[in-house]
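Colleague: Here is the input, now give the coordinates:
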Amino acid sequence: MYRVIAFPPPERAGVQTPEAGARKKSHRPLNVPISKVWLQLLPGHSLSRQIARSFSLQMLATALTQAGSFLGLLVVARILGKEQFGRFALVQGTVNTLIGLGALGLGITATKYVSEYRVSQPQRAGRILGLSQSILLLVRFLLADIMPAPPAAARFALFSQR
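Modeller: The predicted structure is shown next:
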């Protein structure tokens, strides 16, 4: 989380300090969090500062989520053992693939077009939202009808003794 960052002395940055003559003219490392450094470089309440702060928080949340998921999988692996965890990973991978296929990227598509047309053509934005939701519901019902066996397959894969 902490990195050593070299900053020029204040004299070189155009800032006059009382002890300017006493300082050595070289870069000095600072041990401060990078997020604080780059937030200090941005103006007080600017949009870029808000974006930088949101980005920092989002990255922290993503890192914590990934770390928690990893630790949780380590615990599950220790509890289940090699063979059962392999089955669990197979089922989990299949479910994640089906979730990705079921979404069809409609969320991103709807976000793009709604943000583009929400002011200029609100009726068109509403039609795009309705169409996206209808397609998503249709695909989900079709997947549920075509593939009624995943719970049974998961139960078989996880709990059958071979």
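
Colleague: what about Tyr113, how many neighbours?
Modeller: The tally of other residues near Tyr113 (other CB atoms under 10 Å) stands at 18. In short, each C-beta sits where N, CA and C put it, glycine included.

Colleague: Let me fix that, I meant to ask about Phe88.
Modeller: Taking other CB under 10 Å as the neighbour definition, Phe88 ends up with a count of 18.

Colleague: from what I can see it touches Val76, true?
Modeller: Yes - at 6.8 Å, Phe88 and Val76 qualify as touching, with contact defined as CB atoms under 8 Å.

Colleague: Go through the helix or strand where Leu129 lies and flag the buried ones.
Modeller: Applying DSSP states H and E as the criterion places Leu129 in helix 122-146. Neighbour-count burial for helix 122-146 flags 125, 128, 132, 136 (criterion: 16 or more other CB atoms under 10 Å).

Colleague: ranges for the helices of the chain?
Modeller: With helices called from DSSP state H, the chain shows them at 34-40, 47-80, 82-103, 106-117, 122-146, 150-159.

Colleague: Could you export the buried residues of helix 122-146 as a markdown table, including pLDDT and distance to Gly107?
Modeller: As requested, those are exported to a markdown table (pLDDT from 0 to 100; distance: CB to CB, whole Å):
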| residue | pLDDT | distance to Gly107 |
| --- | --- | --- |
| Ala125 | 89 | 15 |
| Ile128 | 90 | 12 |
| Ser132 | 88 | 8 |
| Leu136 | 84 | 9 |
